[in-house]
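Colleague: have a look; sequence and predicted model below, questions after that.
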Amino acid sequence: MAPEIYADYVVMEYGKKVLYVIMLKALYGMLQSAMLYYNKFRRDIETIGFKVNPFDPCVANRIVNGKQHTVVWHVDDLKSSHVDPKVNDEFLKWLENQYASDNVGKIKAVRGKRHDYLAMWLDYTEEGVLQIDMRPYFKSMIEDFPEKIGTSRNPWTEKLFQTDDKSKKLEKKKVKDFHTFVMKGMFLWKRGRQDIQPAIAFLSTRTSEPTESDWSKLKRMMGYLNVTKDLVVRLEADDNFHICWWVDASFAVHKDMKSHTGAVMTLGKGSVCSVSTKQKSNARSSTEAEIIGMDDIISKIMWTKRFLEHQGFAALPTIIYQDNTSAMKLEVNGRESASKRTRHLDIKYFYVTDLVQRKEVQIKFCPTKNMIADYMTKPVVGTTFHKLHKHITNALHH
């Protein structure tokens with residue numbers, strides 16, 4: 001555009017020339033554009049019979065030929081699934097007519113049992129198994145790391161949660177690298193490598209003023225990724241489709257004596273969802289830490305249950321495994337197991353008691369040696385690490 005056309009509309013702000021414009025249509029990259037697109041796409045698919053899952057605004061379902069047709073999307077990346085390939089074909093034609101008829105853009109489609117989606121290869125080639133393959137992503141992390149990476153069979157030592165006040169603070173360039181690779185690690189564990197989650201849970205709290213000690217912990221995690229660069233997570237569902245959660249807490253494991261909550265959710269083999277987080281308040285006992293941990297997780301547990309119900313799965317009770325019998329008694333029996341020492345926790349465990357009484361959830365005992373969530377509560381090492389790691393990843397090769 002020639003300057004003389006807009007020169008009269010230029011204003012000065014803070015010593016700089018600024019031109020304000022009014023957009024007649026959404027422009028890629030603008031904050032409002034994504035929401036405008038979402039609202040339009042949602043209205044469009046609802047006109048052809050889709051209903052959005054109320055517990056996830058980017059998942060929608062409809063029934064076609066007596067079978068469920070599900071569409072999930074991230075911005076403008078869609079995944080359509082139906083047992084009849086012709087239904088997917090018709091949906092693709094609808095997308096092309098709706099969004100590619102103006103010759104401005106083109107719908108790109110890939111079908112089959114392997115899909116490259118949001119840095120994950122979703123592999124359905126093995127019957128009854130979903131493999132989540134992110135090897136290209138973490139191999140690029142290893143290649144891009146600014147220092148030479150060694151090898152480690154474990155992503156941490158027992159001192160992961162400990163901080164060293166005498167450790168030297170990182171220089172500016174290293175601080176930036178530290179933050180970058182912690183965030184890359186967070187992207188990775190949220191999608192396909194939950195086995196590094198406790199390391200990222202701690203390191204992400206150190207990004208503002210990291211030290212050489214923190215850098216060493218990051219390098220050890222990278223060394224572990226280097227050793228396990230061919231690991232592929234495998235998820236399998238039980239025939240009965242039981243929703244199982246393991247919930248645990250490690251008491252007073254942080255420098256400020258706060259405890260750490262861990263949880264793992266499965267539908268059969270391999271962790272579908274996991275949590276590793278420092279508790280926000282100090283617990284006075286291991287039982288209290290377990291109850292706080294349950295309170296940390298229960299919203300996610302119920303969200304998962306409701307989401308799956310709206311995906312058409314039978315409303316089976318969710319099974320929650322714990323290894324602290326005192327906490328379990330409080331959660332199951334409510335006031336009958338309460339005392340003066342636990343009265344301040346009433347709201348937390350009475351909510352769970354209500355869910356148990358309404359048969360929304362079942363609380364079951366799990367021996368500590370079999371508590372999968374223990375992996376997420378503290379830096380486990382040795383044989384315990386490898387045993388729990390197998391449950392979480394269900395990988396064929398480590």
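Modeller: Right, received. Where do you want to start?
Colleague: where does pLDDT dip in the stretch 251-398 of the chain?
Modeller: Residues of the stretch 251-398 of the chain meeting the criterion pLDDT under 70: 315, 334-349, 397-398.
Colleague: where exactly do the helices run in it?
Modeller: Here the stretch 251-398 of the chain has its helices, by DSSP state H, counting those that start in this stretch, at 286-310, 325-333, 346-357, 374-377, 382-393.
Colleague: highest average neighbour count across those helices?
Modeller: Among those, ranked by average contacts under mean count of other C-beta atoms under 10 Å, first place goes to helix 374-377 (a mean of 26). Every C-beta, even on glycine, is put in place using the N, C-alpha and C of the backbone.
Colleague: let's see that one as PDB, backbone CA atoms only.
Modeller: The C-alpha coordinates for helix 374-377 follow below in PDB (Å, rounded to 0.1, in the frame of the first residue of the first chain):
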ATOM      1  CA  ASP A 374       4.400 -43.900  44.000                       C
ATOM      2  CA  TYR A 375       6.400 -43.200  40.800                       C
ATOM      3  CA  MET A 376       4.800 -39.700  40.600                       C
ATOM      4  CA  THR A 377       5.200 -38.800  44.300                       C
END
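Colleague: returning to that earlier point: of all the helices of the stretch 251-398 of the chain, which one is nearest residue 135?
Modeller: Among these, helix 382-393 comes nearest to residue 135, with 13.1 Å by C-beta to C-beta.
Colleague: report all helices and strands that that closest one contacts.
Modeller: Under the contact definition 3 or more C-beta pairs under 8 Å, 6 or more residues apart in numbering; DSSP states H and E, helix 382-393 sits against helix 374-377.
Colleague: quick one, domains of this structure?
Modeller: Domain ranges of the chain: 135-227, 239-393, per automatic domain parsing.
Colleague: can you redo these as a markdown table with distance to residue 107?
Modeller: Below are the domains of the chain laid out as a markdown table (distance: least, C-beta to C-beta, whole Å):
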| stretch | distance to residue 107 |
| --- | --- |
| domain 135-227 | 25 |
| domain 239-393 | 25 |
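Colleague: which one, of the ones you listed, ends up nearest to residue 59?
Modeller: Of those, the one closest to residue 59 (C-beta to C-beta) turns out to be domain 239-393, at 7.5 Å.
Colleague: first-to-last residue distance for that closest one?
Modeller: In domain 239-393, first residue to last residue: 19 Å (C-alpha to C-alpha, to the nearest Å).
Colleague: how about stretch 64-82?
Modeller: Its start and end residues considered, stretch 64-82 measures 9 Å (C-alpha to C-alpha).
Colleague: how far does it sit from its chain's centre?
Modeller: For stretch 64-82, the separation from the chain centroid amounts to 21 Å (computed by C-alpha atoms, centre = their mean, to the nearest Å).
Colleague: need the contact partners of it.
Modeller: Here stretch 64-82 makes contact (C-beta atoms under 8 Å, 6 or more residues apart in numbering) with 34, 37, 41, 45, 49-50, 58-63, 83-84, 87-88, 91-92, 95, 115, 117-118, 311-312.
Colleague: C-alpha coordinates for the helix or strand containing residue 72, CSV please?
Modeller: Assigned by DSSP states H and E, residue 72 belongs to strand 67-74. C-alpha atoms of strand 67-74 as CSV (Å, rounded to 0.1, in the frame of the first residue of the first chain):
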residue,chain,number,x,y,z
LYS,A,67,-22.5,-46.2,15.1
GLN,A,68,-20.7,-43.3,16.8
HIS,A,69,-18.9,-40.8,14.6
THR,A,70,-16.3,-38.8,16.7
VAL,A,71,-14.4,-35.7,15.7
VAL,A,72,-11.6,-34.2,17.8
TRP,A,73,-9.8,-31.1,16.9
HIS,A,74,-6.9,-28.8,17.9
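Colleague: show me which residues of that strand are buried.
Modeller: Residues of strand 67-74 classed as buried: 69, 70, 71, 72, 73 (neighbour count, 16 or more other C-beta atoms under 10 Å).
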